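Participant: Take this sequence and fold it.
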Amino acid sequence: MKTSTKQVEVLHSPRLATVLMVEKTLKDAGKVVKIAELKRRLPKKVMHSTLLEILDYLQKSGKIVIGTKGVLWVYAPKEELDRLIKGGLEI
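Facilitator: Predicted coordinates:
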């Protein structure tokens with residue numbers, strides 16, 4: 001009798017603290033940041049694959065835009081949007 005073993009791939013998920021750290025760094029940047037520059041700005045080292053997974057999540061949730069020149073934080077909370085609309089000029 002032959003016993004077969006199957007390898008199960010365990011997916012690694014980033015910790016919430018790491019996701020929040022990346023979010024804060026992108027918010028504070030205030031401009032388009034290349035991924036290599038983002039890695040340098042992070043207060044703690046993050047594995048490249050983990051960072052890409054976080055960026056994928058942030059893009060799917062509408063918080064960032066990833067383009068050919070880098071990553072840009074675009075999310076604005078509703079309160080901030082309301083404030084911007086009230087202070088805006090109607091044409």
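Participant: Quick one: neighbours of Leu58, just the number.
Facilitator: Number of residues near Leu58 (other CB atoms under 10 Å) recorded here: 21. From N, CA and C alone the C-beta is placed, and that goes for glycine too.
Participant: err, Leu20, not the other one
Facilitator: 12.
Participant: Ok, Val32 next?
Facilitator: 15.
Participant: Below-threshold pLDDT in the chain: ranges please.
Facilitator: Confidence mapping of the chain against pLDDT under 70 gives the ranges 1-11, 89-91.
Participant: Do a quick rundown of the strands in it.
Facilitator: All strands of the chain, identified by DSSP state E, fall at 64-67, 70-73.
Participant: For Val46, which of those strands is the nearest?
Facilitator: strand 70-73 (13.6 Å; CB to CB).
Participant: Show me what that closest one is packed up against.
Facilitator: With contacts taken as 3 or more CB pairs under 8 Å, 6 or more residues apart in numbering; DSSP states H and E, strand 70-73 sits against helix 16-29, helix 35-41, strand 64-67.
Participant: how distant is it from the center of its chain?
Facilitator: 9 Å (CA atoms, centre = their mean, to the nearest Å).
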